[in-house]
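Colleague: sequence and predicted model, in that order:
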Amino acid sequence: MRMKTIFDATTLRGRTLKNRVFRSATWMGMAENGCVTDEIVSMYQKLAQGQVGGILTGFTSVVPWDGELPGALRFFEPEHVKGHKRLTRAVHDCGSLIFLQAAMLDTFVPSGRAVPVNALTLSDFANIAEAYKKAAILAVEAGYDGLQIHGAHFFGLSKCLSPLCNQRNDTYGGSAERRAKIVLDILQAVRLVVPNDFIILIKINCSDFTEGGLSESDFLTTSLLLANAGIDAIEVSGNYTSRPHIRAGVNEAYFREAAVALRQITTCPILLVGGLRSLDRMNALVDQDDITYVSLSRPLLCEQNLIARWQAGDTRPARCISCNSCYHTEHHQCILHKGGKEEDAWDLCSNRSRRPAQWRPFFRCHKNENSCHCHYGHPR
Ligand SMILES: Cc1cc2nc3c(=O)[nH]c(=O)nc-3n(C[C@H](O)[C@H](O)[C@H](O)COP(=O)(O)O)c2cc1C
Ligand code: SF4
């Protein structure tokens, strides 16, 4: 039988993806007042020209009363649609599909306060599902091929899924099944208002990697519920999402085991993200582990044309050295583009004073004990 490779065309909900490669959602800090800019359009166009089959936008807040991630997109008003139309057109013109990463920074309530998950009322949960529904309607209008519910990395929905943050004992908490209810509500609300071929994905943690947090067993329970409820694909991620010091052929694919465990219990398409750096490793994941899609963030910040390069026969691994400096540079540019070296990269990581003051709460070195356990380092 022919070996499966990342270059195979596939279909999701009858829509063709030209290969098995996704650009994982990557917040670039480039938006102005939450809106799409020329720079954003040009970057996504380059990714599509570089033969990435499916492109997830960066973190895009879809809840009007949400907190603001600096330079992140926001998408909840009809006025936002025009800019997003430019984005989807630019990607479609190059033959790729584009998906909105629909996110929620934290568990804010309509009065504009962030409250703990335990303090959300039933109507707050209904408002969240309603906000996702409205964003989905706008996403269809803007030409998106689908939407990804951001349920990972200790942002708002990830907190709802995590027993560390959600100790409720009602329909929205008390067991993995009940903690999953909010994402199931969102899935159902969105499905009702989008065309049949609109693709709905989710990104979730396979573990919070934190004592008392979401376990792999919780992840499997949640994923199975979502698969049975008709989610089109599940992207397997986790806290400590962007691990440093990844080396091709040595320590790639750090969430692989969880994805393989998920494959044992469902046929739902799986995207695997986290430390994928070499073509051989990715082809093995697709062929031997039956992982449907590979999903890349930092390698494509470093080389937007990586997939085209591989397709053209230059199969050297991704150039990215996983130093994570891009979290700290303006517009999350790869430090290697600026002629930087790995030593400089770690300097940047430890020298917080070089970062803009308003970003500091979000950027803590992963080595810093005072930050929470996702890479973003939300304050504990
Ligand atoms: C600068 C930067 C911004 C990121 N922004 C997002 C984001 O908006 N949403 C998200 O789900 N993950 C985000 N991530 C995490 C990546 O999507 C990915 O899960 C992680 O970096 C591991 O994949 P990689 O090894 O291919 O980089 C970001 C990562 C980086 C480096
Ligand atoms: S700055 Fe470092 S981690 Fe980020 S893309 Fe460049 S090499 Fe990779």
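Modeller: Alright, I've got the coordinates. Ligands and ions are numbered 1, 2, ... in the order given.
Colleague: burial count for residue 78?
Modeller: Residue 78 is flanked by 10 other residues according to other C-beta atoms under 10 Å. C-beta here means a position set from N, CA and C on the backbone, and glycine is covered the same way.
Colleague: let me see the contact set for it.
Modeller: residue 138 (C-beta atoms under 8 Å, 6 or more residues apart in numbering).
Colleague: what's the spacing between it and ligand 1?
Modeller: Using C-beta to the nearest ligand atom, to the nearest Å, residue 78 is found at 23 Å from ligand 1.
Colleague: what about that residue, distance to residue 24?
Modeller: 28 Å (C-beta to C-beta, to the nearest Å).
Colleague: which residues touch the longest helix anywhere in the chain?
Modeller: Determined from DSSP state H, the single longest helix within the chain is helix 122-142. Residues from elsewhere that reach helix 122-142, judged by C-beta under 8 Å, 6+ apart: 62-64, 75-78, 80-81, 84-85, 87-88, 100, 102, 104, 107, 109-110, 115, 147, 149, 156, 170-172, 181-182, 185-186, 188-190, 192-195, 198.
Colleague: identify each buried residue in that helix, please.
Modeller: Neighbour counts over helix 122-142 (16 or more other C-beta atoms under 10 Å) mark 124-125, 127-129, 131-136, 138-140, 142 as buried.
Colleague: that older thread, select only the buried ones of the contacts of helix 122-142 in ChimeraX?
Modeller: Listed next is the ChimeraX selection for buried residues among the contacts of helix 122-142, using 16+ other C-beta under 10 Å:
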select :62,63,75,76,80,81,84,87,88,100,102,104,107,109,147,149,156,172,181,182,185,186,189,190,194,198
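Colleague: among the contacts of helix 122-142, name the ones in helices.
Modeller: Reading helices off the contacts of helix 122-142 with DSSP H, I get 81, 84-85, 87-88, 156, 181-182, 185-186, 188-190, 192-193.
Colleague: tell me the residue of the stretch 1-150 of the chain that sits nearest ligand 2?
Modeller: Closest to ligand 2 within the stretch 1-150 of the chain is residue 26: 9.6 Å, counting by C-beta to the nearest ligand atom.
Colleague: identify the residues contacting that residue.
Modeller: Each residue near residue 26 by C-beta under 8 Å, 6+ apart is listed here: 56, 58, 297, 300, 301, 332.
Colleague: sort out for me which of the residues you listed are in helices.
Modeller: 300, 301.
Colleague: near ligand 2, which of the contacts of residue 26 show up?
Modeller: Checking the contacts of residue 26 against ligand 2 by C-beta under 6 Å from any ligand atom, the ones in range are residue 301.
Colleague: out of the contacts of residue 26, who has the most neighbours?
Modeller: Tallying neighbours with other C-beta under 10 Å puts residue 56 at the head of those, with 28 neighbours.
Colleague: thinking that residue is in contact with residue 97, fair?
Modeller: No. Using C-beta atoms under 8 Å, residue 56 is not in contact with residue 97; the gap is 9.8 Å.
Colleague: related to what we said a few turns ago, tell me the two of the ones in helices among the contacts of helix 122-142 that are most distant?
Modeller: The span of the ones in helices among the contacts of helix 122-142, defined through C-beta to C-beta, is set by 85 and 181 at 33.3 Å.
Colleague: need the contact list for the spatially closest residue to residue 168 that is not a sequence neighbour.
Modeller: Spatial nearest neighbour of residue 168, excluding adjacent residues (C-beta to C-beta, 6 or more residues apart in numbering): residue 118 at 5.7 Å. The neighbourhood of residue 118, defined by C-beta under 8 Å, 6+ apart, consists of 165, 166, 167, 168, 173.
Colleague: residue 118 should be in a helix, yeah?
Modeller: Yes. Inclusion of residue 118 in a helix is indicated when DSSP: H, G, I helix; E, B strand; the rest coil is applied.
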